[in-house]
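Trainee: pasting the sequence and the predicted model now:
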Amino acid sequence: MRRGDLAPAMLFLLPWLIGFLVFTAWPVVYTFYLSLTDYDVINDPAFVGLDNYRQVAQDSAARRAMSNTLYYTVIQVPLYVLVSLGLAMLLNQAGRASGFFRTVFFLPNMTPPVATGVLLLFLFYGQNGLVNEALGWVGIDGPNWTSDPRWVKPGLILMSLLSVGGSVIILLAALRNVPEELYDAARVDGAGFLRRTWSVTVPMISGSLLFVFIVNTIAALQSFTEAYTAFFGVGNTTYRNDAAEFYVIHVFRQAFEFLQMGYASALAWVLFVVIMIITAFQLLVSRRLVFYQGDQ
């Protein structure tokens, strides 16, 4: 690096650095401090050490919320990635029409999450929702998606698939970088579609698949807006269901409904550690499963 380039570079980076330090780094550090205090917003924080973390370990509601979140993540993320990959592969064969369908698939990503939560109730409401009416046309008696605890999370998982557009575009870009010669060689060897997909497509786009998998895992572990809007919104007592209380919803309610900011901060730090551990595990496993074209 030339010394004369450093000052202009830092000048351009300064707005971002200030924003990061003020709006990200400092809140993270201060939240850790609050997690060691008893703080109700009204009174000054009172230091309590690790009491909040001990309370987290004993809180059955926190364990239930974490269980809901992990259940949602384990099912939603692989399904989300598979649907994204399937649509990307279809778009890769669409020719000139791919631009139109890219727009169609991405449009739901522009929908505000609050509107998606309201749409969930509209689609899955009891026996009168559009989903159950459609199932009724083929003779299937649909479940109570919004009131039966066994079906609340599957309904949320299905709704999340509306937002696959961003991942579809990422995987489509990766698919278009796969050399056609590899498919030609596989065809010469007699490989069918499934074999070509497993032996050529998946390894060649494994880096993009890893990125999509990690990003969506983190997003699933932090699921909040859609479920909160549908089941825990202000004045909403009709649909409130413990099966929809994800971990971040539990954190939010502790902080802003019960004003237990110190305890909520401890809950947030537990989630942060869980996400770090899961992400580190994914990166560790990826060393054996992910292929990069630049590797020798």
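Mentor: Yep, that arrived.
Trainee: hmm, who's touching the one helix or strand residue 5 maps to?
Mentor: Assigned by DSSP states H and E, residue 5 belongs to helix 3-20. Under the contact criterion Cβ atoms under 8 Å, 6 or more residues apart in numbering, helix 3-20 has no outside partners. Every C-beta, even on glycine, is put in place using the N, C-alpha and C of the backbone.
Trainee: would you confirm that residue 244 contacts residue 232?
Mentor: Yes - judged on Cβ atoms under 8 Å, residue 244 makes contact with residue 232 at a distance of 7.4 Å.
Trainee: comparing those two, which residue is more hemmed in?
Mentor: Relative neighbour count places residue 244 above the other of residue 244 and residue 232, with 25 against 21, counting by other Cβ atoms under 10 Å.
Trainee: flag every buried residue along the top helix by length along the chain.
Mentor: For the chain, the helix that runs over the most residues, judged by DSSP state H, is helix 60-92. If you call a residue buried by 16 or more other Cβ atoms under 10 Å, then helix 60-92 has these buried ones: 62, 65-66, 68-70, 72-73, 76-77, 80-81, 84-85, 87-89, 91-92.
Trainee: likewise for stretch 258-266?
Mentor: So for stretch 258-266, counting by 16+ other Cβ under 10 Å, buried means 260, 261, 262, 263, 264, 265, 266.
Trainee: now find how far off-centre that stretch is within its chain.
Mentor: For stretch 258-266, the distance from its own C-alpha centre to the chain's C-alpha centre is 24 Å (Cα atoms, centre = their mean, to the nearest Å).
Trainee: where does the stretch 1-150 of the chain dip in pLDDT?
Mentor: Segments of the stretch 1-150 of the chain classed as low confidence (criterion: pLDDT under 70) are 1-4, 127.
Trainee: tell me where this protein has strands.
Mentor: Assigned by DSSP state E, the strands in the chain fall at 37-38, 46-47.
Trainee: how far away from the center of its chain is the first one?
Mentor: In terms of Cα atoms, centre = their mean, the centre of strand 37-38 is set 30 Å apart from its chain centre.
Trainee: next one: stretch 59-79
Mentor: Worked out by Cα atoms, centre = their mean, stretch 59-79 lies 12 Å from the chain centre.
Trainee: which residues touch that stretch?
Mentor: When contacts are taken as Cβ under 8 Å, 6+ apart, the neighbours of stretch 59-79 outside the stretch itself are 56, 153-154, 156-157, 160-161, 213, 216-217, 220-221, 223, 242-250, 267, 270, 274.
Trainee: try it again at 6 Å.
Mentor: The contact list for stretch 59-79 (Cβ atoms under 6 Å, 6 or more residues apart in numbering) reads 56, 153, 157, 160, 216, 217, 220, 221, 245, 246, 247, 250.
Trainee: out of these, which are inside helices?
Mentor: The subset of those that ends up in helices is 56, 153, 157, 160, 216, 217, 220, 221, 247, 250, with DSSP H as the criterion.
Trainee: neighbours of the residue nearest to residue 50 when sequence neighbours are not counted, how many?
Mentor: Spatially, and ignoring its direct neighbours in sequence, residue 50 is nearest to residue 36 (7.2 Å; Cβ to Cβ, 6 or more residues apart in numbering). Using other Cβ under 10 Å as the criterion, residue 36 is surrounded by 19 other residues.
Trainee: how far away is residue 36 from residue 98?
Mentor: If you measure residue 36 against residue 98 using Cβ to Cβ, to the nearest Å, the figure is 53 Å.
Trainee: cool, residue 168 as well?
Mentor: From residue 168 across to residue 98, the span is 11 Å (Cβ to Cβ).
Trainee: so which of these two has more stuff around it?
Mentor: More crowded of residue 168 and residue 98, by other Cβ under 10 Å: residue 168, with 24 against 16.
Trainee: tell me the contacts of that one?
Mentor: With contacts defined as Cβ under 6 Å, 6+ apart, the neighbours of residue 168 are 84, 87, 88, 105.
Trainee: much appreciated, bye for now.
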